[in-house]
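Student: show me how the following folds:
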Amino acid sequence: MYAIVKRLIDIVGSIILMILFFPICVITAIAIVLDTPGPIFADTPKRVGKDGKLFKLFKFRSMFVNAHEILRKDPKMAKLYHEYKHNSYKLVNDPRVTRVGKFIRKHSIDEIPQLINVIKGEMSLVGPRPYYPDELEEQQQKFPQTRELVKVVLSAKPGMTGYWQISGRSQVNFDKRIQMDAEYVQRQSILFDLIILLKSPWAMITGKGAV
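Tutor: Residues are numbered from 1 along each chain as shown. As a prediction, the model looks like this:
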């Protein structure tokens with residue numbers, strides 16, 4: 001019953017949120033186009049979904065074009081890439097982020113297009129963070145104690161928001177984050193989902209812990 005009710009909430013909730021956020025999405029799309037050349041949506045690699053299945057995650061573009069590849073392959077970015085991996089795949093002052101990108105990332109506006117992923121059934125409104133494949137592999141090497149926790153996390157659909165997002169967001173390192181994601185999967189319930197959903201808007205408005 002939990003899976004059925006959760007899916008119903010995902011569909012109905014996504015439709016309502018799409019309608020409510022439509023004006024914000026239009027303004028954001030225009031701002032992105034006027035700010036820097038490139039597509040409206042981010043050109044990032046696929047993420048790891050439920051049972052390890054890869055999927056394309058929709059996000060508004062908050063960085064310069066090809067930012068993901070440049071960080072990993074440009075020799076000039078080697079030091080920055082090391083810092084990126086050391087800080088659990090987050091950079092506090094990321095030079096790849098655009099002017100518009102800084103604002104929409106701080107308030108999670110760049111995440112709104114993920115409602116498309118929820119409608120498609122690839123994600124849920126609430127769930128674990130959707131990780132990059134190389135992020136999962138390298139962070140498990142750095143934190144080998146997390147391997148079993150990762151298996152637990154990948155047994156559920158990733159979410160637009162989740163337990164760790166309302167508890168510190170980017171300030172939480174991978175080992176703690178994956179532990180919180182696994183804890184969510186193990187104790188997930190409609191009530192727990194609703195609590196997380198109710199707390200998520202405040203995290204978006206304040207931008208606490210976002211980078």
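Student: setting aside sequence neighbours, what's the nearest residue to T36?
Tutor: T98 (5.0 Å; Cβ to Cβ, 6 or more residues apart in numbering). Glycine gets a C-beta too; all of them are placed from N, C-alpha and C.
Student: contacting residues around that neighbour?
Tutor: I32, D35, T36, R61, S62, M63, F64 (Cβ atoms under 8 Å, 6 or more residues apart in numbering).
Student: just the buried residues from the residues you listed, in PyMOL please.
Tutor: Selection of buried members from the contacts of T98 for PyMOL, criterion 16 or more other Cβ atoms under 10 Å:
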select buried, resi 32+61+62+63
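Student: and G13, how many neighbours?
Tutor: For G13, the count of nearby residues is 17 (other Cβ atoms under 10 Å).
Student: check which helix or strand it maps to.
Tutor: helix 2-35 (DSSP states H and E).
Student: and the contacts of T98, which is closest to I190?
Tutor: S62 (32.0 Å; Cβ to Cβ).
Student: wait, that closest one sits on H107?
Tutor: No - S62 is not in contact with H107 according to Cβ atoms under 8 Å; the separation is 11.1 Å.
Student: shared neighbours, these two?
Tutor: Applying Cβ under 8 Å, 6+ apart, one finds that no residue jointly contacts S62 and H107.
Student: hmm, back to that, I'd like to know which elements the helix holding G13 is packed against.
Tutor: If you count contacts as 3 or more Cβ pairs under 8 Å, 6 or more residues apart in numbering; DSSP states H and E, helix 2-35 packs onto helix 99-106, helix 114-120, strand 124-126, helix 190-206.
Student: closest one to S14 among these?
Tutor: helix 114-120 (4.6 Å).
Student: contacts for the closest one?
Tutor: 10-11, 13-15, 17-18, 21, 55, 57-59, 123-125, 160.
Student: mind running it again at 7 Å?
Tutor: Contacts to helix 114-120, defined as Cβ atoms under 7 Å, 6 or more residues apart in numbering, come from residues 10-11, 14, 17-18, 55, 57-59, 123-125, 160.
Student: so for that helix, what's the average pLDDT?
Tutor: The predicted model assigns helix 114-120 a mean pLDDT of 97.
Student: ditto for stretch 155-164
Tutor: 93.
Student: lowest-confidence helix or strand of the protein?
Tutor: Every helix and strand of the chain was ranked by mean pLDDT, DSSP states H and E. The lowest is helix 78-86, at a mean of 76.
Student: packing partners for it?
Tutor: helix 67-73 (3 or more Cβ pairs under 7 Å, 6 or more residues apart in numbering; DSSP states H and E).
Student: what comes up buried for the helix it packs on?
Tutor: A67, I70, L71.
Student: need the residues you listed in JSON lines (columns: distance to Q139 and pLDDT).
Tutor: Putting the buried residues of helix 67-73 into JSON lines (distance: Cβ to Cβ, whole Å; pLDDT from 0 to 100) gives the following:
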{"residue": "A67", "distance to Q139": "20", "pLDDT": "82"}
{"residue": "I70", "distance to Q139": "21", "pLDDT": "82"}
{"residue": "L71", "distance to Q139": "16", "pLDDT": "83"}
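Student: wait, which of those residues is closest to L198?
Tutor: For these, the nearest to L198 is A67 (33.2 Å; Cβ to Cβ).
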